[in-house]
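Chemist: Sequence and predicted structure are below.
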Amino acid sequence: MIFSGKMVNKNEFIEIEYTAMIRENKEVFDTTNVEIARSNNIYGEDIAYKPAIVCVGQNHLIKGVDESFESKNVGDSYKLELKDEDAFGKKDAELIQFLTLESFREHNIMPVPGLHINIDGGLGVVKVVSGGRVIVDFNHPLSGRDVIYEIKINRIVTDTNEKINALIKELLPFDAKVEIKEGVLSISIDSGFQGKINEEELGEKIKELIPEIKEVKFI
């Protein structure tokens with residue numbers, strides 16, 4: 001069911017299409033459209049290019065985009081221009097760090113400008129290598145940039161399975177099998193991930209956003 005013209009409310013699941021670009025040079029950095037991805041040389045084999053399902057008000061997309069949904073109706077197509085603070089944040093000088101070249105060599109890594117690295121869970125990009133020092137920027141690659149989103153709201157999602165699959169994708173950092181039976185949601189996870197998620201908190205969040213789910217079990 002499309003619900004054309006219906007106003008979008010907080011905690012509703014909606015299906016959207018979008019293309020995002022840097023405001024300064026109109027460089028496309030994200031899209032749900034495969035042809036746009038290919039024509040802008042950002043196509044990735046491991047990315048599913050199709051309309052996205054998000055829950056309004058749950059920050060499944062950046063702040064400014066998420067906040068824009070509640071003033072819109074199903075069927076709306078619109079352009080959204082966002083300042084950096086409402087997009088990927090301003091540049092934080094504290095996230096630009098000076099490391100020693102020796103610390104990289106100890107891990108058999110030869111740093112060069114543009115190299116993406118992961119240090120203690122923090123993702124950074126090597127900016128400068130000089131005089132035995134390495135400057136690494138741990139800011140989001142798009143921090144400090146104003147952006148434009150072109151968005152279309154296709155429909156409000158009412159199917160429980162669609163909502164659960166979309167929510168699980170956002171809440172879990174790994175793939176999981178789900179099954180719904182008589183209001184009970186069973187989530188099967190690999191034993192290697194046991195203890196790495198707060199099952200009680202996750203279950204309560206699912207029941208809050210999808211009221212037709214009365215109980216959540218982790219298997």
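Modeler: Looks like it came in fine.
Chemist: my read: I117 touches V136, true?
Modeler: Yes - in terms of Cβ atoms under 8 Å, I117 counts as a neighbour of V136; the distance is 6.7 Å. For every residue, glycine as well, the C-beta is placed using N, CA and C.
Chemist: Of these two, which one has the most company?
Modeler: Using other Cβ atoms under 10 Å, the more surrounded residue of I117 and V136 is V136, with 23 against 17.
Chemist: thinking again about what came up before, find residues that contact each of I117 and V136.
Modeler: Common neighbours of I117 and V136, counting by Cβ atoms under 8 Å, 6 or more residues apart in numbering, are 124-126.
Chemist: could you show me where the strands are in the protein, in order?
Modeler: Secondary structure of the chain, counting by DSSP state E: strands at 13-22, 28-31, 52-55, 77-82, 96-100, 116-119, 122-130, 133-137, 147-156, 177-181, 184-188, 215-218.
Chemist: and the fourth one, how far from the chain's centre?
Modeler: Just to be clear, that refers to strand 77-82. Distance, stretch centre to chain centre, for strand 77-82: 18 Å (Cα atoms, centre = their mean, to the nearest Å).
Chemist: Stretch 86-103 now?
Modeler: The answer for stretch 86-103 is 21 Å, by Cα atoms, centre = their mean.
Chemist: Now the terminal residues of it, how far apart.
Modeler: Across its full length, stretch 86-103 reaches 35 Å end to end, with Cα to Cα, to the nearest Å as the criterion.
Chemist: Next, the buried residues of it.
Modeler: Within stretch 86-103, the residues scored as buried using 16 or more other Cβ atoms under 10 Å are 86-89, 99, 101.
Chemist: who's in contact with it?
Modeler: 62-64, 67, 84, 111, 124, 127, 129, 132-147.
Chemist: list the contacts for the residue lying closest to R23 once chain neighbours are set aside?
Modeler: Closest residue in space to R23, ignoring its immediate chain neighbours: D146 at 4.0 Å, by Cβ to Cβ, 6 or more residues apart in numbering. Counting by Cβ under 8 Å, 6+ apart, D146 touches 22-24, 81-84, 87.
Chemist: and the closest residue to V54 other than its chain neighbours, how far is that from I53?
Modeler: Of all residues not flanking V54 in the chain, H60 sits nearest, at 4.0 Å (Cβ to Cβ, 6+ apart). Shown here: H60 relative to I53, a distance of 9 Å by Cβ to Cβ, to the nearest Å.
Chemist: Among the two, which residue is more densely surrounded?
Modeler: Neighbour count, other Cβ under 10 Å: between H60 and I53, I53 has more, with 21 against 18.
Chemist: Grab the nearest non-local neighbour of that one.
Modeler: A166 (3.8 Å).
Chemist: What of D66?
Modeler: In space, and not counting its chain neighbours, D66 is closest to N59: 5.5 Å by Cβ to Cβ, 6+ apart.
Chemist: Same question for V56.
Modeler: Distances taken as Cβ to Cβ, 6+ apart place F69 nearest to V56, at 4.7 Å, with adjacent residues excluded.
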